[in-house]
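Visitor: Here is a sequence with its predicted model. Questions after.
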Amino acid sequence: MPYRELKRECYEANVRLPGHGLVDLTFGNVSVIDRARGIFGIKPSGVDYKELSPDDIVLVDLEGKQVEGKLRPSSDTATHRRLFQAFTEIRSVVHTHSRNAVAFAQAGRAIPCFGTTHADYFHGEVPVTRMMTPKEIASAYEWETGNVIVERFQSLDPNEVSAVLVHGHGPFVWGSSGAKAVENAFALEIVAEMALKTLQIDPKAWPLNQTQLDKHFYRKHGAKATYGQLS
């Protein structure tokens with residue numbers, strides 16, 4: 001069972017989603033990649049989280065070939081594959097339809113960084129992609145979804161902003177492991193709810209100043225991070 005640990009990590013990440021309130025019905029999926037082998041595991045399409053098992057995880061290579069699993073992989077598999085190709089330092093991708101983040105995506109609006117909770121996880125606003133063209137939607141839709149994300153990150157560092165909103169669709173989030181990617185997705189939903197409430201109180205609220213944003217982000221991330229305990 002050469003992929004036992006990969007399947008286990010992917011399974012455990014997927015079943016965390018309902019507990020965090022990030023999915024309704026069977027919406028959402030997590031993938032985790034084995035970079036050395038160029039193989040990633042992903043949730044099978046339409047399978048209820050309560051019925052999911054590690055053996056159900058489908059394995060796919062970076063060319064899109066299904067290499068293990070009897071079930072069909074998530075319909076978002078091509079988007080995950082495109083992100084793994086483009087963002088070579090990430091190990092896991094999460095896609096959800098979490099409600100507050102989706103509200104921003106449906107409005108075609110980035111999530112502003114209004115406070116330090118946001119800055120602890122994302123170094124600046126969480127961006128939104130452009131609208132996809134009819135040609136992109138009609139062709140290889142899921143692959144082109146990945147392409148519009150990659151396009152949006154041409155001038156952004158995916159290691160500093162580990163999430164994006166696909167216009168009219170929802171969030172894609174990533175991280176260094178399945179557990180970390182799910183944590184980032186949970187953080188995204190929290191800050192989306194906070195931002196929505198901030199805008200309800202004051203539609204003209206100012207974003208957090210850059211100095212405070214940098215302070216909070218870099219005390220948790222990077223070589224000089226001071227948050228938490230030494231391992």
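Guide: Thanks, I have it.

Visitor: Strands of this protein, residue ranges please.
Guide: 29-34, 39-42, 58-61, 66-68, 92-95, 163-166, 170-175 (DSSP state E).

Visitor: looking at those, which is buried most?
Guide: Ranked by mean neighbour count, those are led by strand 92-95 with a mean of 29 (mean count of other Cβ atoms under 10 Å). All C-beta spots, glycine's among them, are computed from the backbone N, C-alpha and C.

Visitor: possible to save the strands of the chain as CSV with distance to Ala185 and mean pLDDT?
Guide: Putting the strands of the chain into CSV (distance: least, Cβ to Cβ, whole Å; pLDDT from 0 to 100) gives the following:
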stretch, distance to Ala185, mean pLDDT
strand 29-34, 9, 98
strand 39-42, 15, 98
strand 58-61, 20, 98
strand 66-68, 25, 94
strand 92-95, 4, 98
strand 163-166, 7, 98
strand 170-175, 4, 98
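
Visitor: The ones you listed: which one's closest to Asp48?
Guide: Evaluated over the strands of the chain, closeness to Asp48 peaks at strand 29-34, with 12.7 Å, by Cβ to Cβ.

Visitor: Figure out which of the strands of the chain is closest to Glu144.
Guide: strand 163-166 (10.5 Å).

Visitor: what about the longest helix in this protein?
Guide: helix 178-201 (DSSP state H).

Visitor: Tabulate the strands of the chain (a markdown table), appending distance to Met194.
Guide: Output for these, formatted as a markdown table (distance: least, Cβ to Cβ, whole Å):
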| stretch | distance to Met194 |
| --- | --- |
| strand 29-34 | 24 |
| strand 39-42 | 30 |
| strand 58-61 | 35 |
| strand 66-68 | 40 |
| strand 92-95 | 19 |
| strand 163-166 | 14 |
| strand 170-175 | 15 |
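
Visitor: ok, back up a step: tell me what the longest helix of the chain is packed against?
Guide: Counting contacts by 3 or more Cβ pairs under 8 Å, 6 or more residues apart in numbering; DSSP states H and E, helix 178-201 packs against helix 4-19, strand 29-34, strand 92-95, helix 99-107, helix 116-119, strand 163-166, strand 170-175.

Visitor: Which of these sits closest to Ala205?
Guide: helix 116-119 (12.4 Å).

Visitor: How about residues contacting stretch 12-30?
Guide: By Cβ atoms under 8 Å, 6 or more residues apart in numbering, the residues outside stretch 12-30 that reach it are 10, 32, 42-43, 46-49, 52, 57, 74, 76, 80, 92-98, 177-179, 181-182, 185-186, 189.

Visitor: Repeat that for stretch 151-171.
Guide: Here stretch 151-171 has contacts from 86-87, 89-90, 95-98, 101-102, 104-106, 108, 110-111, 121-124, 126-132, 145, 148-149, 172-175, 181, 184-185, 188, 217, 221, using Cβ under 8 Å, 6+ apart.

Visitor: and that stretch, how far apart are its ends?
Guide: 15 Å (Cα to Cα, to the nearest Å).

Visitor: looking at the helices and strands packed on helix 178-201, which is closest to Gln210?
Guide: That would be helix 116-119 among these, by Cβ to Cβ, at 9.9 Å.

Visitor: Quick check: buried residues in that closest one?
Guide: Thr117, His118, Ala119 (16 or more other Cβ atoms under 10 Å).

Visitor: Out of those, which comes closest to Lys204?
Guide: Closest to Lys204, out of all of the buried residues of helix 116-119 and judged by Cβ to Cβ, is His118, at 17.8 Å.

Visitor: Now do the contacts for the closest one.
Guide: Ile111, Val191, Met194, Ala195, Leu208.
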